[in-house]
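>>> 3D model of this:
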Amino acid sequence: MSEPVHPLRALVVDDEPLARQRLAVLLSRLDEPVQVVGEAGDAGAALAWLEARPGLADVVLLDIQMPGPDGLRLADKIRGLTPAPQVVFVTAHTEHALKAFELEASDYLTKPVRQERLAQAMARCRKRQSTVLAAPQALQATPATLLVQERGRVVKVPISDILYLKAELKYVTLRTATHSYVLDDSLTDLEERLGASVIRVHRNALVARLAVRRLERRDDADGTEGWAVQVGPAASAGGGEWLAVSRRQVPGVKEALLEASRR
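Residues are numbered from 1 along each chain as shown. Sure thing, here's the model as predicted:
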C-alpha cells in the first residue's frame, strides 16, 4: 500500500486559540487538505483527547511551551499510545529541535508557519504513514538510537553501542567502542531518556548495563581505595576502561554483573 486509506487527520495542540485557528486554516488550504479532528490548549487535555479516541488522529501538531507539562513531555507520552499518532512540533523556539527528533517527531516547524513548509511536513507524514501501513514489522525492527550533535551535524548513535556517559565541566562525553561525542545535554536528562539501558555509577557517570565487565576495589588517582567498574563492548572479553563507582552505587553495578552472567 503506497497511500493512506483516508485523508490525514490532525489534532492541533497550542495554548493560544488564534494560533490553533491559523494552523487549521493553513491545513485546509493545502493541495491535499488535512482534516482537523480536534483541538486542545494544553498537554493534559490533548492526552485525554487522544486516549479517549484511539486511532482518530494520524498526526498531532504540537506547540512546545505551554502552561503545565510542555510539548516535549506530551510527545514522549504519545509514543506510548497504541496506535501512536505522528508528532509535528510547531513552535517559536528553535533550540528544542534535537530533542524533538530524538522523540521521533516527523517534523519541526517554526512560527510563523509558512504554507509551503507546512505542506512539506504533511507530505512527510503521509509518506511515513504509508510506510507504516505497508511494512509495520520493518519499522518495529529499527534499532533504538540516541541523536547527538557533532560539529554541526546530527548523528544517530545506536543505544546498544554506548559504553558510558561522563560529565566533565560543562559537557557530557558519550563513549562508544570507536568514537567519543561531546554533548550539551545534562547527565540527568540523558539518564531519563536512556532509561533502564544505563545505570548510574557515580554522580558524574552513567554506564551501559550491557557494557559492564568487572567490578573491583582499586586505588584512586590520589591513592584512596575505592570501587571501580570496567566497561567495554560485548565482543571484548577482557580489556576496557575503568570508571570510579561511588559506594552507594556498588549494589546496582553488582546486580548488572549478575544479570550479565545469566545471559
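
>>> Which parts of the stretch 1-150 of the chain are strands?
Secondary structure of the stretch 1-150 of the chain (DSSP state E, counting those that start in this stretch): strands at 9-13, 35-40, 59-62, 86-91, 107-110, 145-150.

>>> for these, which one ends up most surrounded?
When these are scored by mean count of other CB atoms under 10 Å, the highest mean neighbour count falls to strand 59-62 (a mean of 28). Glycine gets a C-beta too; all of them are placed from N, C-alpha and C.

>>> any idea of the mean pLDDT in that one?
For strand 59-62, mean pLDDT rounds to 97.

>>> That one pairs with which strands?
Strand 59-62 pairs in its sheet with strand 9-13 (parallel), strand 86-91 (parallel), by DSSP bridges.

>>> okay if I get the strands of the stretch 1-150 of the chain as TSV plus distance to Leu27?
Putting the strands of the stretch 1-150 of the chain into TSV (distance: least, CB to CB, whole Å) gives the following:
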stretch	distance to Leu27
strand 9-13	6
strand 35-40	6
strand 59-62	8
strand 86-91	11
strand 107-110	12
strand 145-150	28
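
>>> on that earlier part again, of all the strands paired with strand 59-62, which lies closest to Val229?
Minimum separation from Val229 across the strands paired with strand 59-62 (CB to CB) falls at strand 86-91, 36.9 Å.

>>> what's in contact with the closest one?
Applying CB atoms under 8 Å, 6 or more residues apart in numbering, the external contacts of strand 86-91 come out as 14, 19, 23, 58-65, 71, 75, 78, 96, 100, 103-111, 113, 121, 125, 128-129.

>>> Of these, keep whichever come out buried.
Burial by neighbour count, 16 or more other CB atoms under 10 Å: within those this picks out 14, 19, 23, 58-64, 71, 75, 78, 96, 100, 103-109, 113, 121, 125, 128-129.

>>> Just tell me which of the strands of the stretch 1-150 of the chain ends up closest to Leu190.
Smallest distance to Leu190 across these (CB to CB): 8.0 Å, for strand 145-150.

>>> Noted, bye for now.
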